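Visitor: sequence first, then the predicted structure:
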Amino acid sequence: MNYHNLKIEKLQKTVESMSAKAINNFLIRDAVTNDISEIVKLDAQNTGLEKNEYWKAAFDRFGNGNGGFFLVAESDQHFCGYILGEIRAWEFGSPPCGWVFAIGVHNDAREMGIGSKLFKSICQHFQQVGIEKVRTMLARSDHLNMSFFRSQGMRGGPFIQLEINVSE
Amino acid sequence: MKLNKATRFALFSVLELANNPEHHLSATDIANKFDISSHHLLKVLHSLVRARLVGSVRGAGGGYRFIGNPKRITLLDIVEIFEDIRLPPVEAEAADDTEIGNALSQIMHEIDEITIATLNSISVETFLKTMHFYQDDLPKSTN
C-alpha cells in the first residue's frame, strides 16, 4: 500500500470515528513526539510539502513547554489538528506578545470548532504567562487562514510586514 | 479607502438584516437606524434583492430580510455589487513607463491588494460576531 492509500485509509478511520462521536468531544493537549508524523502528514496535505526535518526541529524547540506552546487536538485518540506559537519580545519596540505561526486542522474535521478551540487554548497559555496580545502573519492570498483568524476576532495590528529581494 | 454611498448603505443593510434574522425590516427601519436617505436606500435594497442577498415580502408585516449564507458571504461580495475594486489586469497608465510612475503604481497596487484581502476575509457572520471588539475605537462625538 503506498503512502497515498495509507493516508486515505487513516483519514477515513479518523472521519468515521469523528462522525460517530459528533465531534464535540475532542481534547486539546500538549504535543508529544509521537504526534510529529501526524503533523507532518497534515501539513503536507494542507501545503503540498512534506517537511519532516522542520517539524522535528520545531518540536525540539517549542515542544514540551520549551520556549513555546505546541498543542494538538485529538478525538477518540485520533489526531485531528495542531497549533504552534511562541512568545516574541521587543521586535521594533513590540512588548512581549504571543505569536501563532502554524495551525492545521484535518480537512474532514473542519467547521467543527477544532481550530477555534486550539486557538483559544494557545491564547489561554499565553495569558497565563502574562501575555496580552497575540499576533500572527500570513499570506494575503491565504483566504482560509485569513478568514479563520478574523473569525477569532483578530484584526490588522500596528505592525506591517515588509520584504526585499537581497539580490537587488 | 473610501466606499461610495450606495456601497455603505448596502453594507449597513445586509449587516443589519443579518443581525436580525428573525425579523423583516422595512427600508424606513434601516434608514432611521443609520440616519440615511430612505429614497436612496430603496434603490440599494432593490440591487441587493436582485443579487439574492436580500429577500422582500410585501404588505403588512413585510419588509426585507437577509437570505444569503452568513458564513460564506463576505464584505467583498457585497462591495462588489456596487463598485469594482478588484485589481484590474496590469495595464499601463499614463506615466507608468517612467520610473516614478511605475513605482507609484506598484505601491497603489500593494495597498489595493491589502484592502481586497481584508474585505474578502471577513464574512457576514464574522463581522457580526466580532464587531464588539471595535467598540473601544468608536469615533468620539464632536458635539
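Guide: In hand now; what should we look at?
Visitor: what residues sit buried inside the helix or strand where residue A:74 lies?
Guide: For residue A:74, the enclosing helix or strand under DSSP states H and E is strand A:68-75. By neighbour count on 16 or more other Cβ atoms under 10 Å in any protein chain shown, the buried set for strand A:68-75 is A:68-75. (Each C-beta comes from the backbone N, C-alpha and C, glycine too.)
Visitor: residue B:114 contacts residue A:141, correct?
Guide: No - the pair residue B:114 / residue A:141 is not scored as a contact, 11.6 Å apart, by Cβ atoms under 8 Å.
Visitor: who has more neighbours out of the two?
Guide: The neighbour count for residue B:114 versus residue A:141, taken as other Cβ atoms under 10 Å in any protein chain shown, is higher for residue B:114 (13 against 9).
Visitor: for the helix or strand of chain B with the lowest mean pLDDT, packing partners?
Guide: When the helices and strands of chain B are scored by mean pLDDT, DSSP states H and E, helix B:99-121 comes last with a mean of 91. Applying 3 or more Cβ pairs under 8 Å, 6 or more residues apart in numbering or on different chains; DSSP states H and E, one finds that helix B:99-121 makes contact with helix A:143-151, helix B:75-82.
Visitor: what does the shortest one contact?
Guide: Applying Cβ atoms under 8 Å, 6 or more residues apart in numbering or on different chains, the set of residues contacting helix B:75-82 from outside is B:3-4, B:6-7, B:10-11, B:14, B:44, B:47-48, B:51, B:53, B:85-86, B:116, B:119-120, B:122-124, B:127.
Visitor: got the angle between the longest strand anywhere in chain A and strand A:68-75?
Guide: Ranked by residue count under DSSP state E, the longest strand found in chain A is strand A:78-88. Using axes from the mean of the first three to the mean of the last three Cα atoms, to 10 degrees, the inter-axis angle of strand A:78-88 relative to strand A:68-75 is 160 degrees.
Visitor: in the helix or strand following strand A:78-88, what's buried?
Guide: Using DSSP H and E, the helix or strand that follows strand A:78-88 in sequence is strand A:97-105. The neighbour-count check on strand A:97-105 (16+ other Cβ under 10 Å) flags A:97-105 as buried.
Visitor: same check, this time on stretch B:59-70
Guide: Neighbour-count burial for stretch B:59-70, with 16+ other Cβ under 10 Å as criterion, is recorded at B:63-66, B:68, B:70.
Visitor: in TSV: those, plus secondary structure and distance to chain A.
Guide: Below are the buried residues of stretch B:59-70 laid out as TSV (DSSP: H, G, I helix; E, B strand; the rest coil; distance: Cβ to the nearest Cβ, whole Å):
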residue	secondary structure	distance to chain A
B:63	strand	29
B:64	strand	26
B:65	strand	23
B:66	strand	18
B:68	coil	16
B:70	coil	11
